[in-house]
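Colleague: Output the structure for:
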Amino acid sequence: MEATKADVTPDKELDLSGLLCPVPIALTSETVKKMEEGQILKVISTDPGFEKDIWNWSRQTGNELVRVEKENGKTIAYIRKTSGSSEPSLWYWIKFHALGVKLHLKMFLIELNPFLKKPDHFITFVAISEGTRAERFIKGKFKAVLLPVPDEIDPHCGVVLAVRGEKEAKELYETLQKEGFGVEALYKREGKNYKRIYP
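Modeller: Residues are numbered from 1 along each chain as shown. I've put the predicted structure just below:
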C-alpha cells in the first residue's frame with residue numbers, strides 16, 4: 001500500500017535541481033549508501049528522465065521507492081534504505097559516465113561519416129545495464145551498435161542497439177526477448193522522427 005504524505009517523514013533531503021543524467025541518480029545512490037537501514041531520503045530532481053531512472057535503480061539495488069510525486073516540473077522521490085540493499089560504488093558511476101561519453105562520440109562519428117550506411121532501427125531497453133549486457137551477448141551474431149538513446153525517443157539516460165533494416169531489427173529484438181533481456185520497444189527512424197513500430 002502506498003504511503004500518504006503524512007506517513008513519510010524524510011531523514012534527509014537532496015535537491016538536485018538543474019543536474020542532468022547520470023549525476024542525479026549517482027548522487028542519490030551515494031547518499032543512500034551512507035544512510036542507516038530504514039531511513040528515508042527525499043530527492044528533488046528536474047531531470048526529465050529521473051523518474052524512470054529512480055524506478056530502475058530501486059529495483060536493481062533493492063531499496064524501497066516509497067513514493068514518487070510530480071510538482072512544477074520536478075520529480076520528488078522518497079526512498080527508504082533497506083537491509084538487503086546494494087548500491088553501486090563510486091567507481092561504477094565513473095565508468096558509467098565514461099561509457100556515456102564514449103557512446104556519444106561513437107554516435108557523432110557515425111553521423112559524420114558520409115560513406116557509412118546509417119542505422120535506421122533502434123531497440124530500447126528498460127535499463128542501461130540490460131543494453132550493455134545485450135551488446136556483449138550479440139557480439140558476432142548480429143550487426144548492431146550500442147548508442148545513446150536519441151532524445152526524440154526518450155529524454156532520459158539510456159542506450160539503444162542500433163540496426164540497419166527492419167527484418168534484422170525484429171529478429172534481434174525477438175532473440176533478446178526470448179533470452180530474457182529487458183527489451184522495451186523497436187523504433188524506426190523516418191527523417192528526423194522516430195516511430196515506434198514493435199511491439
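Colleague: give me the element the closest residue to W57 other than its chain neighbours is part of.
Modeller: Distances taken as CB to CB, 6 or more residues apart in numbering put I25 closest to W57, at 5.5 Å, once the chain neighbours are dropped. Any C-beta I mention is one placed from the backbone N, CA and C, and that applies to glycine too. Using DSSP states H and E, I25 maps to helix 23-33.
Colleague: about what we covered before: ok, the residue nearest to W57 - how many residues close by?
Modeller: When neighbours are counted by other CB atoms under 10 Å, I25 registers 25.
Colleague: N72 now?
Modeller: 6.
Colleague: show me where the protein has helices.
Modeller: Here the chain has its helices, by DSSP state H, at 23-33, 50-61, 90-112, 128-138, 166-178.
Colleague: Which strand residues bridge the nearest residue to Y198 once chain neighbours are set aside?
Modeller: Using CB to CB, 6+ apart and skipping residues adjacent in sequence, the residue nearest Y198 is L186, 4.0 Å away. On the basis of DSSP bridges, L186 is bridged to I123, Y198.
Colleague: ok, now which ones touch L186?
Modeller: Each residue near L186 by CB atoms under 8 Å, 6 or more residues apart in numbering is listed here: H121, F122, I123, T124, A169, K170, Y173, R196, I197, Y198, P199.
Colleague: Nearest to K81 among those?
Modeller: Checking the contacts of L186 against K81 by CB to CB gives T124 as the nearest, at 29.9 Å.
Colleague: show me what contacts the spatially closest residue to that closest one that is not a sequence neighbour?
Modeller: Spatial nearest neighbour of T124, excluding adjacent residues (CB to CB, 6+ apart): E184 at 4.2 Å. Shown in contact with E184 (CB under 8 Å, 6+ apart): I123, T124, F125, V126.
Colleague: Need the pLDDT of E184.
Modeller: Looking at E184, its pLDDT is 92.
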